[in-house]
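Colleague: Take this sequence and fold it.
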Amino acid sequence: MAVSDRAPEGPGDGSAPYFFLSYARHHRSAGESPVGAEDPDRWTLRFFDDLTFEVMELTTLERGVQPGFMDREVHVGQHWRRRISEALAACRVFLPLYTPRYFTSLSCASEWYLFQARQSAHELISGSRPEAIIPVLWVPMPDTELPAVARTPQFDHRTLGEAYARFGFLQLIRLARYKDEYQLAIHALARHVVQVARDRSPGAAVPVDFTALHGRFEDADDMFAAAGDLVCCADAGRTALVLPGPRPALAGVGRLALPPGTGEPTSFGSAGFDPAGVDSADCDSAEGDAPCSPCAEAAVAAYLRTAHSKLAEWFTSHPAQVSSVDFDEFYFRTVHPAAKTALLRQLTPQTPPGPFPRPPRLRGDAADPRSGGSPHVP
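Modeller: Coordinates of the predicted model:
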């Protein structure tokens, strides 16, 4: 199913969910009857309701506006994949419930990957890291049992209370003697969610069908590893990109898609580049004998602007495929030729000095190469 190609409204307009609750669902067995049976996810549902109430109390959201998203909120008959994909593309904070089952679920790994792609895109474009993934201990788990990417979020669980850090939310919510500790922990978590949502949330993205990622990875481990690679790529290119010359207007492109183009296109550095104002002493070649010319600067600027426009189109229509073979073929078949053409328009062809050499031939017109022909090659 192709999800909507319309980017949802971003965090700035107040319509995006404050948080997306990502959890490993308990699926009933084939012979288990749902009639009269307790909901295996009832504690997760209560946790979601309590956190929703706390977030509502800490914000000015109008009554009826849901501050959080949980896939159980998708009613029967609705396009559930579309709803989940749109929530992942717009939510401000991502809350994964840490359990052993969570890190074996391909659906959970897909949700994490897509939100991490938004974060990495935001960092590559703006140079600042959002840090909008807040891990939640549903049950305590040692770091050695977590994927590398799940150890990345910087969060001190003791800020929610010693009881929570020791037992996790599942025990606090089930045992009556921890009622006070649970109330304090859920309120502290809500305050942190609201703060991160306001200060460090990534830009919105074009929705992507998260189930489409399942066919590209064999298991959840591969997906979590791929999410970790996105973190490494963002770390390697953390400095904000500044294009020389005025940036072109991207017709039909609103918020760029995953990765690395989420957020507003104008989030690139806006500092212009004036070739006429370049000091030749600052742009000498590596050999130090040929200063760059305004003509060369204009040509390079034209190349980069055209490449940027083509790449933006790709990121909008082919999200989460930057590492694919299709992207490599697209770059060398489309981006580079178009950018090269724009560069050549800025350059005046020059005839090289001296006589123009004739290309060698297998059979020349004369045996003596000094006569202008090529020597005979038997």
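
Colleague: Next, work out how far apart the spatially closest residue to M56 that is not a sequence neighbour and I125 are.
Modeller: Distances taken as CB to CB, 6 or more residues apart in numbering put P67 closest to M56, at 5.7 Å, once the chain neighbours are dropped. Just so you know, the C-beta spots here come from the backbone N, C-alpha and C atoms, and that holds for glycine as well. In this view, P67 and I125 are 27 Å apart by CB to CB, to the nearest Å.

Colleague: For those two, indicate the residue with more neighbours.
Modeller: Counting neighbours by other CB atoms under 10 Å for P67 and for I125 shows that I125 has the greater number, 26 against 23.

Colleague: Verify the assumption that the more buried one is located in a helix.
Modeller: Yes: counting by DSSP: H, G, I helix; E, B strand; the rest coil, I125 is found in a helix.

Colleague: Quickly note the distance from it to V196.
Modeller: Look at I125 and V196: by CB to CB, they are 19 Å apart.

Colleague: quick one: low-confidence ranges for the stretch 201-350 of the chain?
Modeller: Scanning the stretch 201-350 of the chain for pLDDT under 70 picks out 234-294, 314-325, 348-350.

Colleague: rerun at 80
Modeller: In the predicted model of the stretch 201-350 of the chain, residues 210-218, 233-299, 301-302, 305-332, 335, 339, 342-350 satisfy pLDDT under 80.

Colleague: Output the top strand by length along the chain as PDB - backbone C-alpha positions only.
Modeller: Counting by DSSP state E, the longest strand found in the chain is strand 93-98. This file holds the C-alpha atoms of strand 93-98, laid out as PDB (Å, rounded to 0.1, in the frame of the first residue of the first chain):
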ATOM      1  CA  VAL A  93       8.800  12.200  20.500                       C
ATOM      2  CA  PHE A  94       9.300   8.400  20.000                       C
ATOM      3  CA  LEU A  95       8.800   6.200  23.100                       C
ATOM      4  CA  PRO A  96       9.900   2.600  22.800                       C
ATOM      5  CA  LEU A  97       8.900   0.300  25.600                       C
ATOM      6  CA  TYR A  98      12.000  -1.800  26.300                       C
END
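
Colleague: counting contacts, what elements does it pack onto?
Modeller: Contact partners of strand 93-98 among helices and strands, from 3 or more CB pairs under 8 Å, 6 or more residues apart in numbering; DSSP states H and E: strand 19-22, helix 106-126, strand 136-137, helix 179-199.

Colleague: So which of these is nearest V206?
Modeller: V206 lies closest to helix 106-126 among these, at 10.4 Å (CB to CB).

Colleague: What distance separates the opening and closing residues of stretch 194-210?
Modeller: 25 Å (CA to CA, to the nearest Å).

Colleague: and it, which residues are buried?
Modeller: For stretch 194-210, a neighbour-count test (16 or more other CB atoms under 10 Å) marks 194, 196-197, 200-210 as buried.

Colleague: So which of these is the closest to E38?
Modeller: F210 (28.3 Å).

Colleague: still on that earlier bit, tell me which entries of the buried residues of stretch 194-210 lie within helices.
Modeller: Counted as lying in helices by DSSP state H, out of those, are V194, V196, A197.

Colleague: The second one touches E131, doesn't it?
Modeller: Yes: in this structure, V196 is within contact of E131 by CB atoms under 8 Å, at 7.3 Å.

Colleague: Report the mean per-residue pLDDT for stretch 154-173.
Modeller: Per-residue pLDDT values across stretch 154-173 average out to 93.

Colleague: what does it contact?
Modeller: With CB atoms under 8 Å, 6 or more residues apart in numbering as the test, stretch 154-173 has contacts from 43, 46-47, 97-98, 131, 134-140, 178, 181-182, 184-186, 188-189, 192.

Colleague: what do you get for stretch 224-234?
Modeller: Residues contacting stretch 224-234 (CB under 8 Å, 6+ apart): 103, 109, 112-113, 116-117, 119-120, 123-124, 129, 147-150, 152, 217, 259-260, 323.

Colleague: again, only using 6 Å
Modeller: Here stretch 224-234 makes contact (CB atoms under 6 Å, 6 or more residues apart in numbering) with A109, W112, Y113, Q116, A117, S120, E123, L124, P147, A148, V149, T152.

Colleague: Quick one, which of the residues you listed are buried?
Modeller: Applying 16+ other CB under 10 Å to these flags A109, W112, Y113, Q116, A117, S120, E123, L124, P147, V149 as buried.
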